[in-house]
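# turn this into a model:
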Amino acid sequence: MTDLADRRGAGTEVYQPAEDTHLLADAAVGEIPSRARVLDVGTGSGYVAATVRDETGADVVGADLNPFAVRQAADRGVPVVRSDLVSPFRADAFDVVVFNPPYLPRDEDAERDDWMEVALSGGETGREVVEDFFDTVGRVLAPEGFALVLVSTLTGVEEVVEYAGERGFSAAAIREESFPFETLTVLKLRR
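The predicted structure follows:
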């Protein structure tokens with residue numbers, strides 16, 4: 001009974017592919033070489049990980065804190081680990097790390113106490129989770145590795161680039177798409 005209840009909740013507890021997901025997946029496919037070792041942080045449904053694997057032939061692993069997301073990604077055939085960002089992975093393990101972080105600034109009027117809140121809210125400024133990512137991702141990147149991170153004008157692209165720079169990363173916008181309420185940008189970050 002518990003397993004059935006868990007599966008029913010998975011559809012509403014996991015961020016499903018949307019415009020940001022597709023933009024990151026398309027950018028990743030264009031940047032990631034075959035045979036690369038790739039980590040998809042915050043894999044959610046596993047869409048980006050599966051797309052990168054299928055389109056490039058890369059060796060892709062997903063990671064997500066949400067147990068429902070871990071199950072959905074696994075159901076999609078993605079090897080996945082339940083983890084907070086990159087914590088369980090060894091140093092220099094990946095050639096590429098991709099991340100579609102929770103980037104919406106906290107809206108106290110719309111807050112929910114569930115996994116979707118975790119998937120969407122980037123804290124007070126919308127940058128807290130991506131800043132934690134920049135503080136830790138360098139450890140798991142191979143020496144010539146890079147990260148692909150999706151950011152929004154709602155989060156403050158310049159502020160994200162500045163923070164990344166303070167952590168030793170150079171950032172270049174490689175893909176961008178505008179919507180009535182925000183512009184999404186995929187940044188490629190190297191040390």
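# okay, now the unreliable bits of the chain?
1-11, 15, 103-126 (pLDDT under 70).
# would you map the helices across it?
Secondary structure of the chain, counting by DSSP state H: helices at 2-13, 19-31, 47-56, 67-75, 115-120, 128-140, 157-166.
# could you export those as a markdown table, including distance to Ala91 and mean neighbour count?
Bear in mind the C-beta positions are built from the backbone N, C-alpha and C, glycine included. Formatted as a markdown table, those follow (distance: least, CB to CB, whole Å; neighbours: other CB atoms under 10 Å):
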| stretch | distance to Ala91 | mean neighbour count |
| --- | --- | --- |
| helix 2-13 | 32 | 12 |
| helix 19-31 | 22 | 19 |
| helix 47-56 | 21 | 22 |
| helix 67-75 | 23 | 21 |
| helix 115-120 | 27 | 18 |
| helix 128-140 | 5 | 19 |
| helix 157-166 | 19 | 16 |
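# redo these as CSV? Include distance to Glu182.
Below are the helices of the chain laid out as CSV (distance: least, CB to CB, whole Å):
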stretch, distance to Glu182
helix 2-13, 23
helix 19-31, 9
helix 47-56, 19
helix 67-75, 23
helix 115-120, 13
helix 128-140, 15
helix 157-166, 10
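# ok, which of these comes nearest Arg191?
When the helices of the chain are compared by CB to CB, helix 128-140 sits nearest Arg191, at 6.1 Å.
# still on that earlier bit, could you point out which of the helices of the chain sits nearest Leu85?
That would be helix 128-140 among those, by CB to CB, at 5.6 Å.
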